[in-house]
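Colleague: everything below, folded, please.
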Amino acid sequence: MSKLLKIVLASMLILGVASTTASADAVKGQKLFIKKFKKACGFNGAKFAAKHSQAEWEEINANGKFKEELMKICPNVKESDIKDKWLPHIYDFSYEYANDSGNVPSC
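Modeller: Next up, the predicted model:
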C-alpha cells in the first residue's frame with residue numbers, strides 16, 4: 001500500500017512540474033514582442049497590450065483570432081513573420097498587461 005502511495009505522489013509531482021513548464025510565459029511574450037514586432041508595429045508592447053481589455057484578449061484568443069488581431073493592430077506584420085509557437089507567449093503578455101489589468105510592462 002505505501003509503495004503504491006509513493007508512486008502516485010511521485011506521478012503527481014512530475015505531472016505538476018511538467019504542466020508548469022509547458023505553460024506560456026508573459027515575460028517571454030514581452031521579449032518576443034520587443035525583438036520581433038516592436039519595429040514593425042511602430043510602438044512598444046505596452047501600447048499593443050493596452051489595445052484591449054483582459055476579457056477582450058481572452059475572447060479573441062478563444063475564438064482563434066489572436067494572430068489576425070496582431071496583424072490588424074500591426075499592419076506591417078505579415079502572417080509569415082509570426083510563428084505559431086510564439087502566440088501563447090504573446091497572448092499571455094497581452095492578457096497580463098491589458099488596459100484593465102493595472103500592470104505596466106517595462107518595454
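Colleague: element containing Tyr95, please.
Modeller: Per DSSP states H and E, Tyr95 falls inside helix 87-96.
Colleague: so what touches that helix?
Modeller: 24-30, 32-33, 37, 45, 48-49, 52, 54, 57-58, 61, 66-67, 70, 101, 103, 105 (Cβ atoms under 8 Å, 6 or more residues apart in numbering). Where C-beta positions appear, they are placed from N, C-alpha and C, glycine not excepted.
Colleague: so which of the residues you listed belong to helices?
Modeller: 26-30, 32, 45, 48-49, 54, 57-58, 61, 66-67, 70 (DSSP state H).
Colleague: who wins on neighbours among those?
Modeller: Ala49 (27 neighbours; other Cβ atoms under 10 Å).
Colleague: state the pLDDT value of that residue.
Modeller: Ala49 carries a pLDDT score of 93 in this model.
Colleague: so what does Val104 have for phi and psi?
Modeller: Phi and psi for Val104, reported as degrees, to the nearest 10, are phi -130, psi 120.
Colleague: not counting sequence-adjacent ones, nearest residue to it?
Modeller: Nearest non-adjacent residue to Val104, counting by Cβ to Cβ, 6 or more residues apart in numbering: Ala46, 6.3 Å away.
Colleague: surely the one you found is in contact with Asn103?
Modeller: No. Using Cβ atoms under 8 Å, Ala46 makes no contact with Asn103, being 9.4 Å away.
Colleague: which of these two has more residues huddled nearby?
Modeller: Shown here are Ala46 and Asn103; by other Cβ under 10 Å, Ala46 has more neighbours (16 against 12).
Colleague: distance of that one from Asp92?
Modeller: According to Cβ to Cβ, to the nearest Å, Ala46 stands 15 Å off from Asp92.
Colleague: got it, and Lys51?
Modeller: Counting by Cβ to Cβ - Lys51 and Asp92 are separated by 15 Å.
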